[in-house]
Every structure is written in C-alpha cells, then in structure tokens.
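[1] here's my sequence, what's the structure:
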Amino acid sequence: MESKMKFGKKFAFGLGDFGGNFCFSFISSFALIYFTDIAGANVLAISTLLLIAKALDGITDLITGHLIDKTHSKMGKARPWLFWSAFPLAIAMILLFSVPGDIGQQAKSAYIFIFYVLVCAFFYTANNISYNALTALITNNEEDRVSMGSIRFMLTAVAGIIIGTLTTVLVQIFGTGQKGWTAVAALYAVIFLICTMITVFSVKEVNNSSVEGQRKNEVGWVQSVKILLTNRYFILVFIIFLVMYIFTGLIGTAGTYYAKYILGNENMYGLLSIAMMIPMFLSLLFTPALTKKFGMQKTGIGAGMLFIIGSLAGVIGGNSLPILLSGIVIRSFGMGPISAIIVTLSASVSDNIILKKKVNIEGMTFSCSSVGIKIGSGVGTALVGWLLAAVGYNGKDITDGAITMIQISYLFIPVILGILVIVCFLFMNIEEENKRLRSGSR
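    Numbering: from 1, shown residues only. Next comes the predicted model:
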C-alpha cells in the first residue's frame, strides 16, 4: 500500500492554487469593473469579447491536456508545463491591467481581447491544467486526494479573502486609477510566481501503480476526446465545474458592483468576501472526514442543499445586510466541500477511464476542470455585463434598472445554479463503480 503523503507536501501543493488565485480570482472579480470604470471600455462589447475568448479557451484546454499526456521528461508530465507557463502568465496579467488610455474604443477593445486571450486561453490554461493533473499524478490514495483538495481550497479561501479585502485598498494606496491597478497586478504576479515555484519544486510525480498494469499505448487526440465524451462521469464533473465557476464569475463580478452601487462603498466587497471565504475555509477542515464517512456523492448532495438554502436566504432578505451576510455564510459552508470534491472526482474519472479503457489520459481528463473553470467564469462575468448593458449601463450613471440587474446576478441566479449541482451529484456514483472495476466484477 502506498504511504500517506506528508502534510508539508500537501501544503506545498496547495500553495500553487493559493498563488494561482492571485491571477484567476483577481481577473474574475475585478477585470470587468476595471475595463468599464477605469479603462473606459464599452460594457457590451467587452462582455461579448470576453466570452468569445473563453470559448477559444475551451479549445486550447483540450489541446493542452493532450500535450501534457504526450509529455515525458525528468520532471514528469505536468510539472514542466506548470513551470514554464508561470512566467509569461505573470507578464501578460500585468499588461492586461495596463490598458492605454489614449487610444480609441476599437483599439482599446482589441488590446483587451488580445491580452485576455493570452492570459486565459494560453498561459493560464497550461498552468491550471498541469496543476490540476498533479492531483492524480503525485498520489494514488483517494483520501490523500481529498485531503489535498481540502488544503488547496482552504488556501484558496485565504487568497480570496486577501484579494477581496485588499485589492481596492491597495489600488488607492498605489495611486488610484490606472497606476494603482497596474501596481496591484504586478504585486499579485510576483506572489503568483513565488507560490507556483514552491509547488513545482516541492512535489514529485509518481506512477499510478494501482492501475499501471492495465495501461496500453497512448491514444490520439480525437480518440481521447471520444473516450471523454462517452464517459458520463466526465460529463457530470464537467457540468459541476461549469456551474460552480459560472457562480464564481457571477458573484465575483456582480459583487464588486453590488458593493459599489447597492451597499454604497466599493470597499464593502471585502466584507462580502470574508463572509464567503471564512465559512468555506472552515467547512474544508471537515470535508475529508465527511467524505470518508458518507462518500463524495452524499457529501456533495448535502453541501448542495446548504448552497441552495443560503442562496434563498439572500433572495428573501437581500435588502438586509445581516440577512444577506447570513445567507452568504450558509451558502459558503456548502461551497467548500463541493470545491474539494470536484477536484478529487476528476482524479476518480481518470481512474475510471484507465480501468474501463486501459488508457491513461490524465491531462485530457483534467482539462474538464480547466474548460469548466474558464468557460464558467467567462459566462458568469459576461452575464453580468450583458444584463447591465441591457439596461443601458455606461460605467458612470447607475439607474434603477441597473440596480435590479445587479440584484438578479448576485442573489437570484445562484439558486438555479445550486439546483443544477445537486442534480449532477444524484447521478455521481463513480466511487462504487470504481470499486467494482478494481475488484474485477461488473
């Protein structure tokens, strides 16, 4: 039996996602409001371009996953990609938040689109898929995978609190306006690089010995896609990723507008972030024990119910700050376990494919997480922009219609997303199936 992974390595692995959120969460939460309110871009045009970029991102995710599967080096399959992608990603993110102010609308839109594509569709894609693939490549132990996921998302919660509470404050400290945003992007890029390098040089890929004997030769990209699209668990995990990150993009983007225009203070976004991230952090402490006792499917269903209850509380009492915060807290106690479980489920899908098809396509399998994350967050962000554009929001004047759309984005849509998550978990019996396959029964 494989020895248990030490806490230090799990923590070092989790730092990769901690650092990654200084890119992902920063862009998800603040890019649109920066583009519209600081850079002066047209909200409808930019929202549409961002979604187009995310669609392109989905294609590059699948290609990158296949390239990782074909990689053989002394560092392994995924670690080389995690290493090299970090540097251009950091540079491109700084440039994304350095939109020239003295160019026309079309040139401005083109600039934003180009660097958004470079950040999301190329460099972050390579970085995030390789990072997620490490979940399956550095251990075969499912309890370790859940524990890694919990530690990872606890650190993500900490990163979210820091980003949510300090970003607007740091922008003001560094000089407000364009200068402040560029400085904050540079600071976050440095944090991202340091954390990523710690992960790269602290973990080591190992052979998946539990199923190594069942592997056959590598398959081509088209065949890999066919295998994935005929595996129902891959589809279900992809949908959960998609839905959860539509929520993340929606809440992150709408939350900045909610704080600025409904709560009357953009720095209140930090309070909303704390109300979301601290309960998420606490729930992750108990996730390994819950999954060990009840399994991932039942834990996911229970967490989804908390997610819906908390979202409904926000709908019912969103005009009351205490009720709103209480709803966010309840919802976040559901978000934590779901976040940890879906990453572990991706590794279980990889095992399921190896056990059924006798092929090893971890990189392609984990592309489901990256595709879901990028397209989901893109849809969530674009949805806020489209709803605001539909009522004529111009980045300056706030109307009753815009207030209503912000409330719909931040309070109502999450209820629907929570229902979709539960439906997916109802069909997620992969743990039992993998056990049967390993035992040789059908």
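[2] rest of the way, CA atoms for contacts and neighbours
    Will do.
[3] distance between the helix ranked longest in the chain and the chain's centre?
    Ranked by residue count and defined by DSSP state H, the top helix of the chain is helix 269-317. Centre-to-centre, helix 269-317 and its host chain are 16 Å apart (C-alpha atoms, centre = their mean, to the nearest Å).
[4] and it, average pLDDT?
    When pLDDT is averaged along helix 269-317, the result is 90.
[5] list the buried residues for the helix or strand just after it?
    Remark: after helix 269-317, the chain's next helix or strand is helix 321-357, criterion DSSP states H and E. By 16 or more other C-alpha atoms under 10 Å, the buried positions in helix 321-357 come out as 323-355.
[6] quick check: mean pLDDT of the helix or strand following helix 321-357?
    Next along the chain after helix 321-357, taking DSSP H and E as the criterion, comes helix 362-390. The average pLDDT within helix 362-390 is 80.
[7] state the next helix or strand along the chain beyond helix 362-390.
    Counting by DSSP H and E, the next helix or strand C-terminal to helix 362-390 is helix 400-407.
[8] got the angle for that next one vs helix 362-390?
    Helix 400-407 and helix 362-390 are oriented at 160 degrees to each other (axes from the mean of the first three to the mean of the last three C-alpha atoms, to 10 degrees).
[9] in helix 400-407, which residues are buried?
    Under the neighbour-count criterion of 16+ other C-alpha under 10 Å, helix 400-407 has 402, 403, 405, 406, 407 buried.
[10] can you check stretch 412-422 too?
    Under 16+ other C-alpha under 10 Å, the buried positions of stretch 412-422 are 412, 413, 414, 415, 417, 418, 419, 420, 421, 422.
[11] CA atoms of that stretch as PDB?
    The C-alpha trace of stretch 412-422 is given here as PDB (Å, rounded to 0.1, in the frame of the first residue of the first chain):
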ATOM      1  CA  PHE A 412     -31.300  35.100  -7.800                       C
ATOM      2  CA  ILE A 413     -29.200  33.200 -10.300                       C
ATOM      3  CA  PRO A 414     -27.200  31.300  -7.700                       C
ATOM      4  CA  VAL A 415     -30.300  29.500  -6.600                       C
ATOM      5  CA  ILE A 416     -30.700  28.000 -10.000                       C
ATOM      6  CA  LEU A 417     -27.100  27.000 -10.100                       C
ATOM      7  CA  GLY A 418     -27.300  25.200  -6.800                       C
ATOM      8  CA  ILE A 419     -30.200  23.100  -8.000                       C
ATOM      9  CA  LEU A 420     -28.100  22.000 -11.100                       C
ATOM     10  CA  VAL A 421     -25.200  21.000  -8.800                       C
ATOM     11  CA  ILE A 422     -27.500  18.700  -6.800                       C
END
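[12] and that stretch, average pLDDT?
    94.
[13] outside of it, which residues touch it?
    Outside stretch 412-422, the residues that touch it by C-alpha atoms under 8 Å, 6 or more residues apart in numbering are 240, 243-244, 247, 300-301, 304-305, 307-308, 311-312, 315.
[14] mind giving me CSV with the residues you listed and columns for distance to residue 373 and neighbour count?
    Formatted as CSV, the contacts of stretch 412-422 follow (distance: C-alpha to C-alpha, whole Å; neighbours: other C-alpha atoms under 10 Å):
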residue, distance to residue 373, neighbour count
240, 10, 28
243, 9, 25
244, 8, 26
247, 10, 25
300, 18, 30
301, 20, 22
304, 18, 26
305, 22, 18
307, 19, 29
308, 20, 23
311, 21, 29
312, 24, 21
315, 25, 21
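[15] which of those residues sits closest to residue 187?
    residue 247 (26.4 Å; C-alpha to C-alpha).
[16] where are the low-confidence patches of the chain?
    Within the chain, the ranges that satisfy pLDDT under 70 run 1-3, 207-218, 318, 368-370, 395, 441-442.
[17] what sits against the residue positioned nearest the centre of it?
    In the chain, the C-alpha nearest the mean C-alpha coordinate belongs to residue 373, at 4.6 Å (C-alpha atoms, centre = their mean). Contact analysis of residue 373 by C-alpha under 8 Å, 6+ apart lists 241, 242, 245, 246.
[18] may I ask which helix or strand encompasses the third one?
    Read it as residue 245. helix 232-257.
[19] so which of the contacts of stretch 412-422 comes closest to residue 123?
    When these are ranked by distance to residue 123 (C-alpha to C-alpha), residue 244 comes first, at 22.0 Å.
[20] contacting residues for that closest one?
    376, 417, 421.
[21] mind doing that once more with 10 Å?
    Residues in contact with residue 244, defined by C-alpha atoms under 10 Å, 6 or more residues apart in numbering, are 238, 250, 335, 338-339, 342, 372-373, 376-377, 380, 414, 417-418, 420-421.
[22] likewise residue 261?
    Going by C-alpha under 10 Å, 6+ apart, residue 261 touches 255, 398, 399, 402, 403, 406.
[23] ditto for residue 403
    Contacts of residue 403 (C-alpha under 10 Å, 6+ apart): 257, 258, 261, 262, 388, 391, 393.
[24] cool, and residue 427?
    232, 233, 236, 297.
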